[in-house]
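*Asks:* quick one, what's the 3D model for this:
(one chain, ligands or ions: 2)
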Amino acid sequence: MAATAAATSISSSSVAASFPPQTQNKLSNPSSLSLSFSNSSISLQKLSLSSNFKNPNPRSSRILNVLKTVQESELVSKARDPDRLVQSQKPTILVSEKLGEAGLHLLRGFGNVECLYNLSQEDLCAKIAECDALIVRSGTKVTRQVFEAAKGRLKVVGRAGVGIDNVDLQAATEFGCLVVNAPTANTIAAAEHGIALLAGMARNVAQADASMKAGKWQRNKYVGVSLVGKTLAVMGFGKVGSEVARRAKGLGMNVIAHDPYAPADRARALGVELVSFDQAISTADFVSLHMPLTPTTNKIFNDATFAKMKKGVRIINVARGGVIDEDALVRALDNGTVAQAALDVFTEEPPSKDSKLVQHENVTVTPHLGASTKEAQEGVAVEIAEAVVGALRGELSATAVNAPMVPPEVLSELAPYVALAEKLGRLAVQLVAGGSGIQSVKVVYRSSRDPDNLDTRLLRAMITKGIIEPISDAHINLVNADFTAKQKGLRISEERIVVDSSPENPIESIQVQVSNVVSKFESALLDNGNISIEGKVKYGTPHLTCVGSFSVDVSLEGNLILCRQVDQPGMIGRVGNILGERNVNVSFMSVGRTVRRTKAIMAIGVDEEPDKDTLKKIGEVPAIEEFVFLDL
Ligand SMILES: NC(=O)c1ccc[n+]([C@@H]2O[C@H](COP(=O)([O-])OP(=O)(O)OC[C@H]3O[C@@H](n4cnc5c(N)ncnc54)[C@H](O)[C@@H]3O)[C@@H](O)[C@H]2O)c1
Ligand SMILES: O=C(O)[C@H](O)COP(=O)(O)O
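*Replies:* Numbering: from 1, shown residues only. Ligands and ions are numbered 1, 2, ... in the order given. Below you'll find the predicted structure:
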């Protein structure tokens with residue numbers, strides 16, 4: 001197919017360093033190859049966070065077909081045959097905080113569910129190495145130590161709610177653990193709680209209730225303020241913030257909002273004006289907080305910002321305690337800048353019993369109840385159970401927090417290319433001579449699709465996996481591929497060449513080039529000195545189609561012997577005889593040459609791994625100039 005446009009670079013990822021020579025040495029002689037590679041029969045099972053579990057629904061069937069195409073592993077075949085799935089092989093799901101029954105029911109239909117509440121960090125760390133998934137709410141701190149203690153078994157952390165500030169996302173990513181949340185089911189509950197606090201605070205409901213229960217009747221003390229006509233600033237105009245705004249409009253309030261990332265038309269549609277931070281806080285009578293806790297929003301409400309507020313402002317916080325500097329809020333309450341505050345969330349939960357903020361007479365508090373309605377808890381439980389089960393089955397989640405989302409239809413379409421990508425990575429690394437570290441890999445995709453229509457993240461992850469796993473103890477998946485490549489000093493750049501082929505095939509070919517290395521097999525080098533191999537998907541299976549500048553055509557399965565020889569009659573027979581005499585079955589053979597009767601490359605697929613002596617005999621055939629054994 002003709003190239004119709006120049007190559008465009010579409011992405012690249014970073015840094016430079018090299019693999020230690022001792023890991024490369026694992027590849028330097030054929031006898032050590034089988035050992036080092038046999039330990040890494042992994043593939044999408046790891047990439048997709050597992051695959052070895054039951055599969056009753058059609059969407060998952062499709063995904064499992066993808067997994068099958070990618071690798072016919074024992075685990076995958078068990079997943080497709082529920083009778084073979086015994087209890088001990090089911091995933092273990094640890095639920096560390098109270099979860100709605102509907103979600104637990106769903107989880108129990110899939111794995112072994114253990115509900116252990118109020119675990120200390122030590123207990124959680126001790127338990128976690130036995131778990132494939134962990135489901136938490138806001139009370140469990142999923143720290144780096146937890147991921148370390150998991151020893152690679154933990155595949156997914158499900159946050160039954162929105163805020164993921166209690167999960168160390170960086171550590172999760174480094175350990176290749178997916179984090180999913182349940183971002184939608186508690187939105188209304190949180191918004192309703194915000195409105196409850198707003199109205200309750202304005203009319204001193206909690207204080208008046210406590211006073212009456214103490215035997216008092218204080219009608220003059222608890223005169224409130226009205227909401228109608230007052231200005232409410234919604235800080236963070238996301239799911240909860242916009243629902244609060246909608247309800248406040250219904251109460252007759254004038255609503256403004258600040259959110260640097262919110263689309264103006266969504267605000268306009270609700271009759272809400274988006275304004276700057278300072279404008280919002282300086283004009284509002286009520287300020288309601290709805291942004292996530294991030295390094296940017298940490299203590300964003302502090303002495304300086306309270307000083308800019310209208311005297312007598314009232315504050316509601318159902319987001320996260322950490323967005324407020326709590327000592328500064330106490331000062332602002334004491335000096336009257338803030339008339340009242342209604343708080344559902346605290347920097348430390350639970351706050352200390354003698355917290356000045358909690359005890360302040362102008363403060364109304366609830367113990368993080370925003371999401372705590374029966375309806376929201378059932379909804380969140382189902383939402384997170386589905387996300388966790390999906391992740392354990394190998395689906396790429398729509399609510400993944402630390403991994404790119406790849407829709408099932410894209411995954412399904414790319415499945416054979418995913419397998420090809422990993423095999424090319426594995427081949428490329430085996431062509432590198434021990435002692436030279438891989439720093440720079442270029443991947444060239446030939447495709448008729450326009451760049452927006454071709455998601456190569458999955459392919460890049462698999463090439464990374466193919467390159468790194470055989471020479472290190474890292475396990476690569478979509479979550480940690482780019483991170484691990486950076487860590488290992490491997491720079492992977494991608495290039496797209498638009499070709500005029502059938503748009504039904506997402507990719508015509510994938511070429512992997514490794515630069516600045518010494519090759520074990522000189523014929524794999526291009527004129528520019530790069531090792532180059534290229535593959536295509538043919539009849540749904542990955543094929544090697546080019547080695548250096550030699551065309552070949554071999555199916556990428558089993559093991560492969562590449563020989564360069566003088567192009568002369570009888571070579572296939574001679575090598576075939578050597579293998580046949582030693583009971584090594586040849587599965588396919590292909591010869592490619594550049595110029596007739598000069599040099600040719602013979603690619604021989606073998607079912608068994610030839611022993612050292614057999615390989616030596618092949619090397620002794622006079623016309624064979626070089627050869628290499630490759631484990632696919
Ligand atoms: N109290 C509870 O039980 C409870 C329940 C649900 C949600 N929450 C919390 O409420 C918050 C919002 O939840 P959500 O579901 O609406 O999330 P969301 O992601 O839909 O909305 C958050 C919004 O904050 C905006 N934002 C980010 N940085 C900002 C900044 N510096 N200034 C202003 N806005 C900023 C984002 O653009 C986004 O629109 C989260 O902190 C969540 O954890 C608490
Ligand atoms: O972020 C959230 O979803 C809320 O804060 C709810 O937290 P919870 O699950 O601990 O109630």
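*Asks:* drop to CA atoms for contacts and neighbour counts, all remaining ones
*Replies:* Noted.
*Asks:* could you measure from N530 over to S549?
*Replies:* 11 Å (Cα to Cα, to the nearest Å).
*Asks:* the stretch 201-350 of the chain: strands as residue ranges?
*Replies:* Ranges of strands in the stretch 201-350 of the chain, per DSSP state E, counting those that start in this stretch, are 231-235, 254-258, 273-274, 286-289, 313-317, 338-343.
*Asks:* the closest residue to ligand 1 within the stretch 401-550 of the chain - how many residues pack around it?
*Replies:* Minimum separation of the stretch 401-550 of the chain from ligand 1 (Cα to the nearest ligand atom) falls at V401, amounting to 11.4 Å. Per other Cα atoms under 10 Å, the neighbour tally for V401 reads 18.
*Asks:* quick one: pLDDT of it?
*Replies:* Note on V401: pLDDT of 88.
*Asks:* just E114 next, same as before
*Replies:* Model confidence at E114 (pLDDT) stands at 98.
*Asks:* that one reaches L94, doesn't it?
*Replies:* Yes - judged on Cα atoms under 8 Å, E114 makes contact with L94 at a distance of 4.9 Å.
*Asks:* neighbour-wise, which of those two wins?
*Replies:* L94 (24 against 15).
*Asks:* ok, that one to N112 distance?
*Replies:* If you go by Cα to Cα, the gap between L94 and N112 works out to 8 Å.
*Asks:* just Y445 next, same as before
*Replies:* 42 Å.
*Asks:* when the two are compared, which one has more neighbours?
*Replies:* Neighbours per residue (other Cα under 10 Å) separate Y445 from N112, with Y445 holding more: 24 against 17.
*Asks:* residues in contact with the more buried one?
*Replies:* Shown in contact with Y445 (Cα atoms under 8 Å, 6 or more residues apart in numbering): 494-497, 507-511.
*Asks:* which ones among the residues you listed map onto strands?
*Replies:* 494-497, 509-511 (DSSP state E).
*Asks:* secondary structure class for V410?
*Replies:* For V410, the assignment made with DSSP: H, G, I helix; E, B strand; the rest coil gives helix.
*Asks:* what's the neighbour count on it?
*Replies:* V410: 14 surrounding residues under other Cα under 10 Å.
*Asks:* next one: it from A307, what distance?
*Replies:* Counting by Cα to Cα, the gap from V410 to A307 is 52 Å.
*Asks:* render the CA-only coordinates of stretch 188-206 in PDB, please.
*Replies:* Output in PDB follows, covering the C-alpha atoms of stretch 188-206 (Å, rounded to 0.1, in the frame of the first residue of the first chain):
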ATOM      1  CA  ILE A 188     -28.000  13.900  44.600                       C
ATOM      2  CA  ALA A 189     -27.500  12.700  48.200                       C
ATOM      3  CA  ALA A 190     -24.600  15.000  48.600                       C
ATOM      4  CA  ALA A 191     -26.400  17.900  47.000                       C
ATOM      5  CA  GLU A 192     -29.500  17.300  49.200                       C
ATOM      6  CA  HIS A 193     -27.200  17.300  52.300                       C
ATOM      7  CA  GLY A 194     -25.700  20.500  51.200                       C
ATOM      8  CA  ILE A 195     -29.100  22.100  50.900                       C
ATOM      9  CA  ALA A 196     -30.100  20.600  54.300                       C
ATOM     10  CA  LEU A 197     -27.100  22.200  55.900                       C
ATOM     11  CA  LEU A 198     -27.700  25.500  54.200                       C
ATOM     12  CA  ALA A 199     -31.300  25.700  55.300                       C
ATOM     13  CA  GLY A 200     -30.600  24.200  58.700                       C
ATOM     14  CA  MET A 201     -27.800  26.600  59.400                       C
ATOM     15  CA  ALA A 202     -29.800  29.700  58.200                       C
ATOM     16  CA  ARG A 203     -32.600  28.800  60.700                       C
ATOM     17  CA  ASN A 204     -30.400  27.400  63.500                       C
ATOM     18  CA  VAL A 205     -32.200  24.100  63.500                       C
ATOM     19  CA  ALA A 206     -29.500  22.100  65.200                       C
END
